[in-house]
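Chemist: Next one to model:
(one chain, ligands or ions: 1)
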Amino acid sequence: MTSCGRIVFRYDYEARKSVAYEPERCMVGCTTCANTCTEQAISFQPLSDIRLLIKRNKILKRVKKVALLDRDRFGLPESGPTA
Ligand code: SF4
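Modeler: Down below sits the predicted model:
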């Protein structure tokens, strides 16, 4: 509950423990709560599984398509920021 910046957890005062109140807010690939949980109560699939899912579902191709649509829709510059 204290480590999640996306406010996934809330404290359940009746059960006297933290609960995943809004799990859909969890960010794929983040493992901060698992890494900082003193009770080691949280675990995730290995990142290799997530990479496989990204590949199988052609997520990058879909993200690029959305990015191009956003560029056209919002008139964003063609290239990224210059250093
Ligand atoms: S993995 Fe990250 S985003 Fe998801 S609940 Fe844990 S700390 Fe929050």
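Chemist: Nearest residue to the residue nearest in space to the middle of the chain in space, please, no chain neighbours.
Modeler: Geometric centre of the chain, nearest residue: residue 27, 1.2 Å, by C-alpha atoms, centre = their mean. Excluding the flanking residues, the one nearest residue 27 by C-beta to C-beta, 6 or more residues apart in numbering is residue 6, at 6.0 Å. The way it works is simple: take the backbone N, C-alpha and C, and place the C-beta from them, glycine included.
Chemist: if I pick that neighbour, what's in contact with it?
Modeler: 25, 26, 27, 30 (C-beta atoms under 8 Å, 6 or more residues apart in numbering).
Chemist: filter those residues down to the ones close to the ligand.
Modeler: Near the ligand, judged by C-beta under 6 Å from any ligand atom, the entries from those are 26, 27, 30.
Chemist: Can you give me the distance of the last one to residue 18?
Modeler: As for residue 30, its distance to residue 18 is 16 Å (criterion: C-beta to C-beta, to the nearest Å).
Chemist: Neighbour count for these two, which is higher?
Modeler: Taking other C-beta atoms under 10 Å, residue 30 and residue 18 do not tie; residue 18 has more neighbours (17 against 14).
Chemist: Distance from the chain centre to the helix or strand harbouring the more buried one, please.
Modeler: Take DSSP states H and E as the rule and residue 18 turns out to sit in strand 17-20. Relative to the centre of its chain, strand 17-20 is centred 18 Å away, using C-alpha atoms, centre = their mean, to the nearest Å.
Chemist: just stretch 58-65 next, same as before
Modeler: Taking the mean of its C-alpha atoms, stretch 58-65 sits 16 Å from the chain's own mean (C-alpha atoms, centre = their mean).
Chemist: Touching it from outside, list them.
Modeler: Stretch 58-65 is contacted from outside by 53, 54, using C-beta under 8 Å, 6+ apart.
Chemist: ok so, going back, switch the ones next to the ligand among the contacts of residue 6 over to a markdown table; also include pLDDT and secondary structure.
Modeler: Shown next, in a markdown table, are the ones next to the ligand among the contacts of residue 6 (pLDDT from 0 to 100; DSSP: H, G, I helix; E, B strand; the rest coil):
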| residue | pLDDT | secondary structure |
| --- | --- | --- |
| 26 | 96 | coil |
| 27 | 92 | coil |
| 30 | 92 | coil |
